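Asker: Prediction below, plus the sequence it came from.
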Amino acid sequence: MPNKSLDFYLFDPRRRSMLNWEKWVEIIEGIIQGLLYLQEYSRLTIVHRDLKASNILLDAHMKPRISDFGIAKSFQDNETEASTDRIVGTYGCVPPEYIKKGTYSRKYDVYSFGVLLLQIISGKKNYNVYGPHQSLSLLEYAYVLWKEGSAMEFIDPSLDDTSSSYKLIRCMHVGLLCVEEKWMHRPSMLEVSAMLRNEHADVPIPKRPAFSTSKDEDEKKGTEMEEVCSVNNQTISQLLPR
């Protein structure tokens, strides 16, 4: 493609500066529309399973095109999820239910989109560590700052101005909803589109994201089954690149 991939611009400060916030909004919207087609409007529901910056190609007008369907799976009309014993995909973009049980659904790509959205607004890589003690993943770092009311510390300063700060925080909020631990708590791509397009749409309060190393107080009061899952989460988090 004429303008390479999103990965070419995303993490390089000089290249990022070539795109203003309006252009990033167009790219985000284009990715959403591509996922909506795959999930809602295609004859078969298609789960990409490897949505990441390097698989978003940019045409001559910087319009995004989702590429590399090598590990994609399709569902028939009556199917909503499936499972596999062969775990493939990119670390950091793969949801916990897939790593634990090999289960995938539309919410797999919602999770990957949430990771990508948080990367776009921050310019940060999802396999580095962040925070005062360099101990937080990108997702957990975003959540901690959002919960503390310090969301703008997460945002790439080159994107921030008085007209875009609300929209940037909205993107961060929606991104956190997409990367929640339990797949049933994540929004659909239709809901994602509505929340980002309509500033009056209700946006739920996000819970702590997947692969977190700690839990909120209300989560600590969960059942024994949730405690077992938390042990599994710690094990899985060690598999992710830091």
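Answerer: Thanks, I have it.
Asker: make it CA atoms for all contacts and neighbour counts henceforth
Answerer: Will do.
Asker: all strands for the protein, in order.
Answerer: Counting by DSSP state E, the chain has these strands, from start to end: 45-47, 56-58, 64-66, 73-75, 81-83, 103-105.
Asker: Quick one, grab the pLDDT at the most centrally placed residue in the chain.
Answerer: Residue closest to the mean C-alpha point of the chain, counted by Cα atoms, centre = their mean, is Gly114 at 1.6 Å. Residue-level confidence at Gly114 comes out at 98, pLDDT.
Asker: repeat for Leu159
Answerer: Per-residue confidence (pLDDT) for Leu159: 89.
Asker: what sits against it?
Answerer: Taking Cα atoms under 8 Å, 6 or more residues apart in numbering as the contact definition, Leu159 lies against 20-21, 121.
Asker: can you tell me how far it sits from Asn20?
Answerer: Using Cα to Cα, to the nearest Å, one gets 7 Å for the distance from Leu159 to Asn20.
Asker: can you check Leu38 too?
Answerer: Distance of Leu38 to Asn20, given as Cα to Cα: 28 Å.
Asker: Can you report how many residues neighbour Met184?
Answerer: Using other Cα atoms under 10 Å, Met184 is surrounded by 9 other residues.
Asker: ugh, wrong one, Cys178
Answerer: By the other Cα under 10 Å criterion, the neighbourhood of Cys178 contains 31 residues.
Asker: what does the one 10 residues further on give?
Answerer: Neighbour count of Ser188, defined by other Cα under 10 Å: 19.
Asker: so it sits right up against Tyr108, yeah?
Answerer: No. Judged on Cα atoms under 8 Å, Ser188 makes no contact with Tyr108 at a distance of 10.3 Å.
Asker: So for Asp12, which of the strands of the chain sits nearest?
Answerer: For Asp12, the closest of those is strand 56-58, at 16.1 Å, according to Cα to Cα.
Asker: can you list contacts of the closest one?
Answerer: Applying Cα under 8 Å, 6+ apart, the external contacts of strand 56-58 come out as 1-7, 31, 64-67.
Asker: Of those residues, keep whichever come out buried.
Answerer: Burial by neighbour count, 16 or more other Cα atoms under 10 Å: within the contacts of strand 56-58 this picks out 4-6, 31, 64-66.
Asker: Adding pLDDT, write those residues out as a markdown table.
Answerer: Converted to a markdown table, the buried ones among the contacts of strand 56-58 look like this (pLDDT from 0 to 100):
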| residue | pLDDT |
| --- | --- |
| Lys4 | 95 |
| Ser5 | 97 |
| Leu6 | 98 |
| Ile31 | 99 |
| Pro64 | 98 |
| Arg65 | 98 |
| Ile66 | 98 |
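Asker: about what we covered before: identify those among the contacts of strand 56-58 that sit within helices.
Answerer: Restricting those to those inside helices, with DSSP state H as the criterion, leaves 6-7, 31.
Asker: Let me know how buried Asp59 is, in neighbour terms.
Answerer: 14.
Asker: Nearest residue to Ser54 in space, please, no chain neighbours.
Answerer: Here the nearest residue to Ser54 in space, its sequence neighbours aside, is Asp7; by Cα to Cα, 6 or more residues apart in numbering that works out to 4.8 Å.
Asker: so what's the one you found up against?
Answerer: 53-54, 56.
Asker: Give me the buried entries from these.
Answerer: Buried positions within those, assessed by neighbour count (16+ other Cα under 10 Å), are 53-54, 56.
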